[in-house]
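**Student:** predicted structure and sequence below. I'll ask about it afterward.
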Amino acid sequence: MIVEEIMTEGPITVTETTSIGDAMSTMAEQGVRHLPVVRGERSEDVIGILSDRDFSNLGLSLVNDVESYDQLRARLTEPVSVLMTADPVTIDQDASVAEVIDMMTDDKLSAIPVVESGTQRLVGIVSYVDVLKAARDRLDD
């Protein structure tokens with residue numbers, strides 16, 4: 001079985017200039033936990049990734065006065081490029097699912113952008129949920 005068979009095709013993305021606040025809203029509205037970051041509106045080359053864990057460092061739970069609120073508000077207008085993991089681990093669409101599992105367990109990754117073989121052109125994303133669904137389907141067979 002290869003990655004292309006279990007990945008989520010055409011994942012929701014943001015650009016490097018998208019604000020942190022807009023990225024948070026996109027994740028909440030779309031119900032996703034990971035956002036690949038691409039360079040520019042027309043590019044499909046993945047340059048970074050955001051996960052819901054990245055937002056935990058913003059101090060949302062520490063807002064208890066006006067000064068903290070103003071600092072957080074300013075932070076939410078910054079581009080995602082300051083928060084994302086740059087040059088993320090990627091995997092080719094024709095890689096084996098076993099390879100994805102090894103990468104996820106070795107590097108403690110919960111999702112990996114999937115690229116067209118030999119490029120950085122984003123074609124999908126594979127998460128541990130995708131891997132578990134594929135394993136479950138195999139167990140039923």
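**Tutor:** Sure thing, it's come through. Numbers count the residues shown, from 1 in each chain.
**Student:** name the helices or strands packed onto whatever helix or strand Glu4 lives in?
**Tutor:** For Glu4, the host element (DSSP states H and E) is helix 3-6. Counting contacts by 3 or more CB pairs under 8 Å, 6 or more residues apart in numbering; DSSP states H and E, helix 3-6 is packed against helix 97-107, strand 122-127, helix 128-140. In short, each C-beta sits where N, CA and C put it, glycine included.
**Student:** apply 7 Å and report the result again.
**Tutor:** Contacts defined by 3 or more CB pairs under 7 Å, 6 or more residues apart in numbering; DSSP states H and E place helix 3-6 against helix 97-107, helix 128-140.
**Student:** can I get those helices in CSV with mean pLDDT?
**Tutor:** Putting the helices and strands packed on helix 3-6 into CSV (pLDDT from 0 to 100) gives the following:
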stretch, mean pLDDT
helix 97-107, 96
helix 128-140, 87
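**Student:** so how far is Met27 from Phe55?
**Tutor:** 8 Å (CB to CB, to the nearest Å).
**Student:** same check, this time on Glu16
**Tutor:** From Glu16 to Met27 the distance is 16 Å (CB to CB).
**Student:** ditto for Pro36
**Tutor:** Distance of Pro36 to Met27, given as CB to CB: 12 Å.
**Student:** higher neighbour count, the two?
**Tutor:** Per other CB atoms under 10 Å, whichever of Pro36 and Met27 has more neighbours is Pro36, with 25 against 19.
**Student:** same for the host helix or strand of the more buried one, what does it pack against?
**Tutor:** In the assignment (DSSP H and E), Pro36 maps to strand 34-38. Contact analysis of strand 34-38 by 3+ CB pairs under 7 Å, 6+ apart lists strand 14-15, helix 20-30, strand 46-51, strand 122-127 as its packing neighbours.
**Student:** pull the distance from it to the chain's centre.
**Tutor:** Once both centres are worked out by CA atoms, centre = their mean, to the nearest Å, strand 34-38 turns out to sit 5 Å from its chain's centre.
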